[in-house]
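Asks: Got a predicted structure plus its sequence, pasted below:
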Amino acid sequence: MIVFALAAAMIAVIHLVAGWQRRRLAVIVPGILWLVYAVYEYLVATGVLCDANCNIRVDLLLIFPILALASLRAYQSYNA
């Protein structure tokens, strides 16, 4: 779904703006990771990387924990 790609892109923009304000690499890197994920999600949603039979998204079992840990570290770094 394109909605998930847009949501990921918005999260990426939030991280990148916050990282630019405080000049923290620990906040900029998750922004870049979210942006890469948004592009990946868009390509999956449009059928470029996966056809209509691709219902099970096992790849997200690896991607979401990485994004969650990076975002948690960004939050900790931003508030420090």
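Replies: All right, it came through fine.
Asks: count of residues packed around residue 5?
Replies: By other Cβ atoms under 10 Å, 19 other residues sit near residue 5. C-beta coordinates here come from the backbone N, C-alpha and C atoms, glycine included.
Asks: Please apply the same query to the one 3 residues further on.
Replies: Residues contacting residue 8 under the criterion other Cβ under 10 Å number 21.
Asks: Can you name the helix or strand that it falls in?
Replies: For residue 8, the element it lies in under DSSP states H and E is helix 2-22.
Asks: helices or strands up against that helix?
Replies: Other elements packing on helix 2-22 under the criterion 3 or more Cβ pairs under 8 Å, 6 or more residues apart in numbering; DSSP states H and E are helix 25-45, helix 60-79.
Asks: just those: most buried one?
Replies: helix 25-45 (a mean of 18; mean count of other Cβ atoms under 10 Å).
Asks: quick one: contacts for the spatially most central residue of the chain?
Replies: Nearest to the mean C-alpha position of the chain, by Cα atoms, centre = their mean, lies residue 34 at 2.1 Å. By Cβ atoms under 8 Å, 6 or more residues apart in numbering, residue 34 lies in contact with 8-9, 11-12, 15, 67, 71.
Asks: contacting residues around residue 43?
Replies: The contact partners of residue 43, by Cβ under 8 Å, 6+ apart, come to residue 49.
Asks: what's the spacing between it and residue 5?
Replies: Per Cβ to Cβ, to the nearest Å, residue 43 is found 9 Å from residue 5.
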